[in-house]
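Participant: just a sequence and a predicted model for now, questions to come.
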Amino acid sequence: MTWLVAAVPAVVPTESTQQAFGYPTLFLLVLAGALVPVIPTGALVSSAAVVAFHQTAPFSLALVFLTSSLAAFLGDAALYWLGRRGMGSKNGSRWLEAIRSRAPEDKLDQAQEKLAGHGVAVLVLSRLIPAGRIPVMLACLMAKWPLRRFARGNLPACLAWAVTYQVIGILGGSLFSEPWEGVLAAIGLTLLISAVPSVWRRVRGTRAA
């Protein structure tokens, strides 16, 4: 039995092992979520922030911030580049079609109007508002913004987005002693935030009817 007790610490993953697998996984998932807008990337960042909050390794939270913001920025840039290629193609592209399918006409009209009036500031807000990123990106495509201009405006948007969801994770981690409890709280809060716009639209539609 002595050898078994001594072997347990070698089997249990250390914080360094968790970080070696965790940060690349977070990067790939956020990158994929930027390209395919069905992955709850905000919940991923908040959950990673909870885990980092409970770790003793230095700079864990800073690494979560850098990883998530860089992945979001690169994913947005790649999706925008694919969208520009689709706009210039006669047959379009499946990426451009995916962007258009997630941008209803009313949201697109609002995004175009706000983009014309406020420019880059709309990009920052679009990243913070649930379901606001794709309509604004499509509005930028239709306004024929070059990739460089979009990237300059999208950089602060991704930084603000990463900070916001990381703060949600830190709050969840500070309220509970166990990381899994904070992860559940962070996921629940991010899902609640993402559901607010759709609930508000339904309430407005009911009142209008």
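Facilitator: Here it is on my side, so go on.
Participant: rest of the way, CA atoms for contacts and neighbours
Facilitator: OK.
Participant: just give me the residue closest to the centre of the protein.
Facilitator: residue 41 (4.0 Å; C-alpha atoms, centre = their mean).
Participant: and for that residue, nearest residue in space, chain neighbours not counted?
Facilitator: Excluding its sequence neighbours, the residue lying closest to residue 41 (C-alpha to C-alpha, 6 or more residues apart in numbering) is residue 30, at 5.5 Å.
Participant: can you verify my assumption that that neighbour contacts residue 74?
Facilitator: No: using C-alpha atoms under 8 Å, residue 30 makes no contact with residue 74, being 9.6 Å away.
Participant: of the two, which one has the most company?
Facilitator: For residue 30 versus residue 74, the count of surrounding residues by other C-alpha atoms under 10 Å is larger for residue 30: 27 against 19.
Participant: now do that one against residue 118, distance only.
Facilitator: Distance of residue 30 to residue 118, given as C-alpha to C-alpha, to the nearest Å: 27 Å.
Participant: likewise residue 104?
Facilitator: Residue 104 sits 21 Å away from residue 118, taking C-alpha to C-alpha as the criterion.
Participant: mind listing the helices for this structure?
Facilitator: In the chain, the segments counted as helices under DSSP state H are 2-11, 15-35, 41-53, 60-88, 94-101, 105-118, 120-128, 133-142, 147-175, 179-208.
Participant: helices and strands around the fifth one, which ones?
Facilitator: Contacting helix 94-101 under the criterion 3 or more C-alpha pairs under 8 Å, 6 or more residues apart in numbering; DSSP states H and E are the following elements: helix 60-88, helix 133-142.
Participant: ok now it, how far from the chain's centre?
Facilitator: Distance, stretch centre to chain centre, for helix 94-101: 19 Å (C-alpha atoms, centre = their mean, to the nearest Å).
Participant: where does the protein dip in pLDDT?
Facilitator: Scanning the chain for pLDDT under 70 picks out 1-21, 56-57, 88-93, 95, 176-182, 185-187, 189-209.
Participant: cutoff 90 now
Facilitator: Scanning the chain for pLDDT under 90 picks out the ranges 1-23, 35-44, 46-61, 82-145, 168-209.
Participant: contact partners for the residue nearest to residue 41?
Facilitator: Residue 30 sits next to 39, 41, 44, 68, 71-72, 75 when contact means C-alpha atoms under 8 Å, 6 or more residues apart in numbering.
Participant: can we see that at 6 Å?
Facilitator: Applying C-alpha atoms under 6 Å, 6 or more residues apart in numbering to residue 30 gives the contacts 41, 71-72.
Participant: and the gap between it and residue 156?
Facilitator: On the measure of C-alpha to C-alpha, residue 30 and residue 156 end up 17 Å apart.
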